[in-house]
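> I would like to see how this sequence folds:
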Amino acid sequence: MESALAEEDELLKKAAVISQKRQNSLRIAVLPVFARFYMPEAINRYMEENRETEIDLHVGAEEDLIRWLSEDAVDM
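Residues are numbered from 1 along each chain as shown. Below is the predicted model of the structure:
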């Protein structure tokens, strides 16, 4: 459990760096299961310290995520 929390903290730090580079905008691609069970809490935690950031959540299958990343349609 500690490892998962440490990984989440690291991901949130990386998201903050990306958001600053993109002028408070963050585009995230996730699989449906993550969108439903993981992302609501992760986004809430992130927004507590980054209220000015606009988050655009893209939900799709693995091939969608790969395409979005390769097309620079999402940041992470």
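> so residue 25 bridges to which residues?
residue 54 (DSSP bridges).
> pretty sure it contacts residue 53?
Yes: distance between residue 25 and residue 53: 7.0 Å, which falls inside the contact criterion (C-beta atoms under 8 Å). Any C-beta I mention is one placed from the backbone N, CA and C, and that applies to glycine too.
> okay, those two: which has more neighbours?
Neighbours were counted for residue 25 and for residue 53 using other C-beta atoms under 10 Å; residue 53 has more, 19 against 15.
> how about the helices in the chain?
Using DSSP state H, the helices found in the chain span residues 2-21, 32-37, 39-49, 62-70.
> show me what contacts the residue most central in space within the chain?
What sits nearest the mean C-alpha location of the chain, by C-alpha atoms, centre = their mean, is residue 28, with 4.1 Å. Contacts for residue 28 (C-beta atoms under 8 Å, 6 or more residues apart in numbering) come out as 15, 39, 55-58, 74-76.
> lowest average pLDDT across the helices of the chain?
Per-stretch mean pLDDT for those is lowest at helix 2-21 (a mean of 61).
> tell me the one among the contacts of residue 28 nearest to residue 64.
If you rank those by distance to residue 64 using C-beta to C-beta, residue 58 comes first, at 7.6 Å.
> surely the closest one touches residue 31?
No: applying C-beta under 8 Å as the test, residue 58 and residue 31 come out as separate, 10.5 Å apart.
> overlap of the contact sets of the two?
Contact criterion C-beta under 8 Å, 6+ apart; residues shared by residue 58 and residue 31: residue 65.
> burial of the residue nearest to residue 62 when sequence neighbours are not counted, as a residue count?
Excluding its sequence neighbours, the residue lying closest to residue 62 (C-beta to C-beta, 6 or more residues apart in numbering) is residue 31, at 6.8 Å. When counting by other C-beta under 10 Å, one arrives at 14 neighbours for residue 31.
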